[in-house]
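Peer 1: structure for the following, please:
(one chain, ligands or ions: 1)
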Amino acid sequence: MAASIRFTKGHGTGNDFVLYADPEGEHGLSVEQLAAIADRRFGVGADGVIRAVRSAHLPDGDAALVEDPDAEWFMDYVNSDGSVSEMCGNGIRVFVKYLLETGLAELAPCQSIPIGTRAGVRDVQRLADGFAADLGRWRLDGGEPLVRARELPVARPGLGINVGNPHVVVAVASDDELDGIDLSRAPELEPAPPAGANVEFVVPRDPLVVDGIGRIRMRVHERGSGETLSCGTGAVAAALAVRHWAGPSAPDEWRVEVPGGVLGVRMFAAEDGEHVALSGPAELVFEGELRV
Ligand SMILES: N[C@@H](CCC[C@H](N)C(=O)O)C(=O)O
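Peer 2: Predicted coordinates for the structure are as follows:
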C-alpha cells in the first residue's frame, strides 16, 4: 500500500532540495524512489533529497560518523540520481532552517547547532540573513586531472580539493568562455577520480580583490545531479583553489558568484588546523505530500 510523507521544498541560492523528517529512522527510501522524487518532470523536482533523522536512530555505519553527542540531528543527503554524498554546503543551511521552522530544533540568533553528516559533525551558525556552516578541515586531493568539457576549447588541468566531498576546480580564461561551456553532459576527467567529483569552472573578477575580499564567478557540474544553479561545497573548493593559485598574498575571505546568487567563503585558523566556512541564504518555499 502506498504511504504518504510530508515534505518541504527549499533552496539555497537556487540549489534546491526536497526535505522530510524521519526522526526514528523508519522511512529510508530506495535509490529508485529518491530519484523519482527528484525528477523534474515525473516527481517533485530537486537537485537533492534530504532526510532529517535523529542521530540516535542511525544504522551503525552512519552512527560512527557522529562523534558529538550534542548532534541530535543527522542530514541524510542524496543527489537527484539517488546516489549518496558525504556533504552538501547549501543543503546543510536549508536543513537547519527546516529544523527550526518545523520546531524540531531551536537556535537563538548568532548561536550554532552541531549537525551530523557523512563528512562528520559540522557546526551551523544562525546569521541575520542566513546561516554560516563551518565545513571543517579541507585538503588538496585527487591531483591535477585533465578536464575536458564541451565547448571548452582545450583540455585544462584541474585541482582536486576535498571539503568533505570531492571537487575538481578548473580555471577558465574569461566570462565568455565560462558562459559558453556546455554542462548538459558531465565533463571528462583524466585520470577519473575513483569516487567521481563535482567539477567547478571558475573565472576571477577584475580586480580579483576589493576591500580585502577575493571575488570569483563559477559554474558547476555536480556529481549525481548535473549542472546546478549553485553548489556550496563547490564555492568553497573554488575559493580555496583560486587562493592556492594566487599565492601567499591572497585573502582568506571570498565572494563567490554562482548562477543562483552569491555565497561567502572564509578560511580561518582552528585548533586542529585551517577550517573553511560557507555562508549564504536558506529558503523554504512550499510543502506537500509525497506518495511513496
Ligand atoms: N550541492 C551541494 C553538493 C551536493 C553533493 C554533491 N553533488 C556530491 O555528490 O558530492 C553543495 O551545496 O555543496
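
Peer 1: flag every residue of the chain that's near the ligand.
Peer 2: Contacts of the chain with the ligand, taken as C-beta under 6 Å from any ligand atom, map to 15, 48, 79, 85, 88-91, 165, 198, 222-225, 228, 231-233. Glycine gets a C-beta too; all of them are placed from N, C-alpha and C.

Peer 1: any stretches of the protein with poor pLDDT?
Peer 2: Low-confidence regions of the chain, defined by pLDDT under 70, span residues 1.

Peer 1: buried sites along the longest strand along it?
Peer 2: As assigned by DSSP state E, the longest strand anywhere in the chain is strand 198-210. By 16 or more other C-beta atoms under 10 Å, the buried positions in strand 198-210 come out as 198-204, 209.

Peer 1: partners of it in the sheet?
Peer 2: Looking at strand 198-210 with DSSP bridges, its paired strands and their directions are strand 166-171 (parallel), strand 213-222 (antiparallel).

Peer 1: what does the last one rub up against?
Peer 2: Contacts of strand 213-222 with the rest of the structure, by C-beta atoms under 8 Å, 6 or more residues apart in numbering, involve 47, 79, 149, 175, 178, 181, 183, 186-187, 198-205, 207-209, 227-228, 230-231, 234-235, 238-239, 242-243, 246, 250-251, 253-259.

Peer 1: mind checking which of those are buried?
Peer 2: Those of the contacts of strand 213-222 that meet the buried threshold are 47, 79, 149, 178, 181, 183, 186-187, 198-204, 209, 227-228, 230-231, 234-235, 238-239, 242-243, 250-251, 253-259, by 16+ other C-beta under 10 Å.

Peer 1: the longest helix along the chain vs strand 198-210, what angle?
Peer 2: Ranked by number of residues, the top helix in the chain under DSSP state H is helix 232-246. Inter-element angle recorded for helix 232-246 and strand 198-210: 60 degrees (by axes from the mean of the first three to the mean of the last three C-alpha atoms, to 10 degrees).

Peer 1: next secondary structure after helix 232-246?
Peer 2: On the C-terminal side of helix 232-246, the closest following helix or strand by DSSP states H and E is strand 253-258.

Peer 1: just to revisit the earlier point, and the strands paired with strand 198-210, which is most packed in?
Peer 2: Using mean count of other C-beta atoms under 10 Å, the stretch among the strands paired with strand 198-210 with the greatest mean number of neighbours is strand 166-171 (a mean of 26).

Peer 1: noted, bye for now.
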